[in-house]
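# this one's structure only:
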């Protein structure tokens with residue numbers, strides 16, 4: 001999964017380079033805009049969530065666990081596209097503060113599963129509300145129809161890349 005992150009970063013870099021080579025205003029190019037929008041949204045979410053006392057890495061672990069509660073720690077690292085050691089440090093802190101707990105995996109003695117604690121639920125609600133607020137701020141001045149079209153186009157683009165990945169995986173078998 002780490003390779004997927006590196007590949008995505010390379011693809012975005014190539015899109016940005018292509019934008020620079022083909023346009024007099026590279027900041028208006030597709031790859032640059034997608035990358036810059038994601039960066040700015042992460043930065044702004046970090047800024048607005050600063051007072052909550054969690055770093056981006058920590059709230060990211062909580063968000064992934066909300067969708068995959070009870071997942072094996074190793075699988076969670078793959079989902080998050082970070083190393084198992086990096087995740088272990090984050091979970092150590094989150095566990096120490098009572099946000100998550102590790103439990104033995106009943107099917108694999110060597111593995112641990114990670115679960116949200118009840119303490120995490122109000123924080124996740126706060127983070128979700130902050131995300132909705134930021135999305136509203138990001139979409140200010142954009143009609144609901146424009147937002148729907150944008151989401152639809154981005155979903156199809158994602159699906160196209162997902163299909164390419166499936167085809168690529170099948171070809172390597």
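Looks like it arrived, so ask away. Quantities reported herein were computed from a predicted structural model and do not represent experimental measurements.
# for the rest of this, base every contact and every neighbour count on C-alpha atoms.
Fine.
# quick check: pLDDT value at the closest residue to residue 56 other than its chain neighbours.
With sequence-adjacent residues excluded and distances taken as CA to CA, 6 or more residues apart in numbering, residue 56 is closest to residue 46, at 6.3 Å. With respect to pLDDT, residue 46 has a value of 90.
# repeat that for residue 50.
Model confidence at residue 50, given as pLDDT, is 88.
# same check on residue 55?
pLDDT recorded at residue 55 is 86.
# please parse the chain into its domains.
The record, using automatic domain parsing to delimit domains, assigns the chain the ranges 1-52, 54-130.
# what's the most buried one of the ones you listed?
When these are scored by mean count of other CA atoms under 10 Å, the highest mean neighbour count falls to domain 54-130 (a mean of 16).
# could you work out the end-to-end span of that one for me?
With CA to CA, to the nearest Å as the measure, the ends of domain 54-130 fall 13 Å from one another.
# comparing the domains of the chain by mean pLDDT, which bottoms out?
When those are compared on average pLDDT, domain 1-52 comes out lowest at a mean of 71.
# before we move on, the earlier item: any chance of a markdown table for the domains of the chain, columns distance to residue 165?
Conversion of the domains of the chain to a markdown table gives the following (distance: least, CA to CA, whole Å):
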| stretch | distance to residue 165 |
| --- | --- |
| domain 1-52 | 10 |
| domain 54-130 | 16 |
